[in-house]
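Peer 1: 3D, please:
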Amino acid sequence: MRKDIIKIEDAVGTVLAHDVTKIVPGVFKGAAFKRGHIIKRKDVEILRNMGKNHVTILTLGKNELHEDEAAIRIAENVAGTGIRKSLPSEGKVDMVAEYRGILKVNTDLLFKTNVNEKIVLATLHNNTVVEEDTRVAGTRIIPLAIREDEIEKVENLLTNEKIIRVEKLYPRKTAILVTGTEVYSGRITDKFGSVLKKKIIDYGAEFVDIAYAPDDSKIIETKILNLVSKGAEVVLVSGGMSVDADDVTPAAIRSVTSEVISYGSPVLPGAMFMLAYIGNVAILGVPGCAMYHKATALDLIYPRVLSKEKITRKDIISLAHGGLCLGCKECTFPICPFGK
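Peer 2: Here you go, the predicted model:
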């Protein structure tokens, strides 16, 4: 890459080495053309009107890429399903979500891509629930040009897997089972069911039914199976998740399911969260904190279940890093440190 000062009439197709400032007294002062801009024929008269007869331009060497082309090639290789790429602006290409879903980031590949100090690839956190058109990543190179073989190294790194993608949230049929003799007998009014139903709707799932059971493990087991027989793909079981003598819900879930992933999670609030499966049906034991807190362990796992991801014990353990909710006065979840 070489910098030269040339006449503007000879500059068409060359690359500006720095910003060219335009001043309109009392109206505007700023860059009419940014560094890295490729001069077009229509730009020549604009530059003359600005009093510019010469410009400092870049001459790309053999096998060098302009920053715009480099950013385009990086984005093409890192972006997977559910990602839309912008046109380059000031050397940067943005990537946005095409639909609502969960952003999945391969952090190992992200690290390896950024090992080259000339390359910048920044993303939102892995497993963030994002809305349609949310900007989820951006990329650029630091210099105005880069050797093509450096970009090829990134391309070769990503031949088998993209770094980012957005997994759709499916409207999986979800049912609720509220446990607790005090609610079942009518001694107190259920307030948990409405909270969970709202959460189901907010995440775009399909509400199937709500059932109630006393603190009796056999009845809880029967109720869970009844909800599954009605077509529930996910069952949220609330109440009785702690270690009190009357809290038999975890034992009932363990007895009726074919695979228990975890009872307990390294998340506050949500330590008593439970996840198990009956075949492909996910059974989520929801601790009482979910009645009071906007975001708990449930909000870190339920969206991933809706994306049809099979959650593992390792996934649960990994929640520890970022698993502490600060209880902010104004909750901004999921755009906050919780679960990240």
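Peer 1: C-alpha only now, for contacts and for neighbours.
Peer 2: Will do.
Peer 1: Just the endpoints, please. Distance across stretch 126-137?
Peer 2: By CA to CA, to the nearest Å, the extent of stretch 126-137 from end to end equals 11 Å.
Peer 1: One more: stretch 254-262?
Peer 2: End-to-end span of stretch 254-262 (CA to CA): 10 Å.
Peer 1: for it, which positions count as buried?
Peer 2: Neighbour-count burial for stretch 254-262, with 16 or more other CA atoms under 10 Å as criterion, is recorded at 254, 256-257, 259-262.
Peer 1: which ones among those are found in helices?
Peer 2: Judged by DSSP state H, the buried residues of stretch 254-262 include 254, 256 as members of helices.
Peer 1: and the buried residues of stretch 254-262 as a markdown table, adding distance to D202 and pLDDT?
Peer 2: Formatted as a markdown table, those follow (distance: CA to CA, whole Å; pLDDT from 0 to 100):
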| residue | distance to D202 | pLDDT |
| --- | --- | --- |
| R254 | 28 | 96 |
| V256 | 28 | 97 |
| T257 | 27 | 97 |
| E259 | 28 | 97 |
| V260 | 27 | 98 |
| I261 | 25 | 98 |
| S262 | 25 | 97 |
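Peer 1: Just send the buried residues of stretch 254-262 back as a markdown table, with distance to V129 too.
Peer 2: Formatted as a markdown table, these follow (distance: CA to CA, whole Å):
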| residue | distance to V129 |
| --- | --- |
| R254 | 29 |
| V256 | 31 |
| T257 | 28 |
| E259 | 26 |
| V260 | 25 |
| I261 | 22 |
| S262 | 23 |
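Peer 1: Widest-spaced pair of the buried residues of stretch 254-262?
Peer 2: Spatially, the most separated pair among these is V256 and S262, at 14.5 Å (CA to CA).
Peer 1: so V248 sits right up against K218, yeah?
Peer 2: No - shown here, V248 and K218 do not form a contact pair, counting by CA atoms under 8 Å, at 9.6 Å.
Peer 1: what about these two, which has more around it?
Peer 2: Comparing V248 with K218 by other CA atoms under 10 Å, the one with more neighbours is V248, at 22 against 16.
Peer 1: can you pull the pLDDT of the more buried one?
Peer 2: V248 carries a pLDDT value of 93.
Peer 1: Would you map the helices across the stretch 1-150 of the chain?
Peer 2: With DSSP state H, counting those that start in this stretch, the ranges of helices along the stretch 1-150 of the chain come out as 41-49, 67-78, 107-114, 148-157.
Peer 1: from those, which stretch is densest packed?
Peer 2: helix 67-78 (a mean of 23; mean count of other CA atoms under 10 Å).
Peer 1: pLDDT score assigned to the residue nearest to K34 when sequence neighbours are not counted?
Peer 2: Residue nearest to K34 in three dimensions, not counting chain neighbours: D19, with 4.3 Å by CA to CA, 6 or more residues apart in numbering. You'll see D19 listed with a pLDDT of 74.
Peer 1: Give the full set of residues in contact with D19.
Peer 2: Listed by CA atoms under 8 Å, 6 or more residues apart in numbering, the contact set of D19 reads 31-35.
Peer 1: Quick one: the helices in the stretch 201-340 of the chain, in order.
Peer 2: With helices called from DSSP H, counting those that start in this stretch, the stretch 201-340 of the chain shows them at 217-229, 249-256, 297-306, 313-318.
Peer 1: Turn those into TSV, including distance to I57.
Peer 2: What follows is the helices of the stretch 201-340 of the chain, written out as TSV (distance: least, CA to CA, whole Å):
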stretch	distance to I57
helix 217-229	68
helix 249-256	69
helix 297-306	50
helix 313-318	50
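Peer 1: Out of the ones you listed, which gets nearest to N127?
Peer 2: Evaluated over the helices of the stretch 201-340 of the chain, closeness to N127 peaks at helix 297-306, with 7.8 Å, by CA to CA.
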